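Chemist: predicted model follows, preceded by the sequence.
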Amino acid sequence: MSQNFQPPAPDSFTEAPAPAPARSGNIGVGIAAAVVAALVSAVAYGYIMNAIDREVGYAAAGVGLLVGLAAGKLGGRNPILPVIAVLLSVGAVYLGQLTFIALALADYGHVGVGEVISKAGVGGLNDIWKESVDVMSFVFFGIGGFVAFGSAKKVSD
């Protein structure tokens, strides 16, 4: 014996599932941390280049990684943070190259780095950088920026 029974129709109002909690992050803190990471990594990059007397891609990737991690981890999912990380990373690689020039001049002249910077100034270091720049310098900018973007995007997800 079979019964002719139909289950009740669903209500016209069904609750939507609760949205996933948004990742908390503060864009200001992320940018500030990325700026600090850029400055610290730029100095470290210059000292590494001075120690081995050449520029290496792994060090530029390390600069990008530090800047991207700082921006993405503390800044959250804001889509502008990876772009800011790229800009700061490229600037940090550039400052690292200037730091390397200042350290090399200090070693050559047997003076302190502060004296080189005070006498030559940033403009003088930039002029020396312009004379020594080549295609590989821009490749290192690209490496740092690429890694910064990827790491900032990855850790914020």
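Modeler: Sure, I can see it.

Chemist: so, low pLDDT: which residues of the protein?
Modeler: 1-2, 8-24, 157 (pLDDT under 70).

Chemist: longest helix anywhere in this protein?
Modeler: Ranked by residue count, the top helix of the chain under DSSP state H comes out as helix 81-109.

Chemist: return the set of buried residues in whatever helix or strand comes next after that helix.
Modeler: Downstream of helix 81-109, the next assigned helix or strand under DSSP states H and E is helix 113-132. Judged by neighbour count using 16 or more other CB atoms under 10 Å, the buried positions of helix 113-132 are 116, 117, 120, 125, 128, 129. Using the backbone N, CA and C atoms, a C-beta is placed for each residue, glycine as well.

Chemist: the second one and residue 102 touch, don't they?
Modeler: Yes - Residue 117 sits in contact with residue 102 when judged by CB atoms under 8 Å, with a separation of 5.8 Å.

Chemist: shared neighbours of the two, which are they?
Modeler: Each of residue 125 lies in contact with both residue 117 and residue 102 under the rule CB atoms under 8 Å, 6 or more residues apart in numbering.

Chemist: quick check: buried residues in stretch 137-152?
Modeler: 140, 141, 143, 144, 145, 146, 147, 148, 149, 150, 151, 152.
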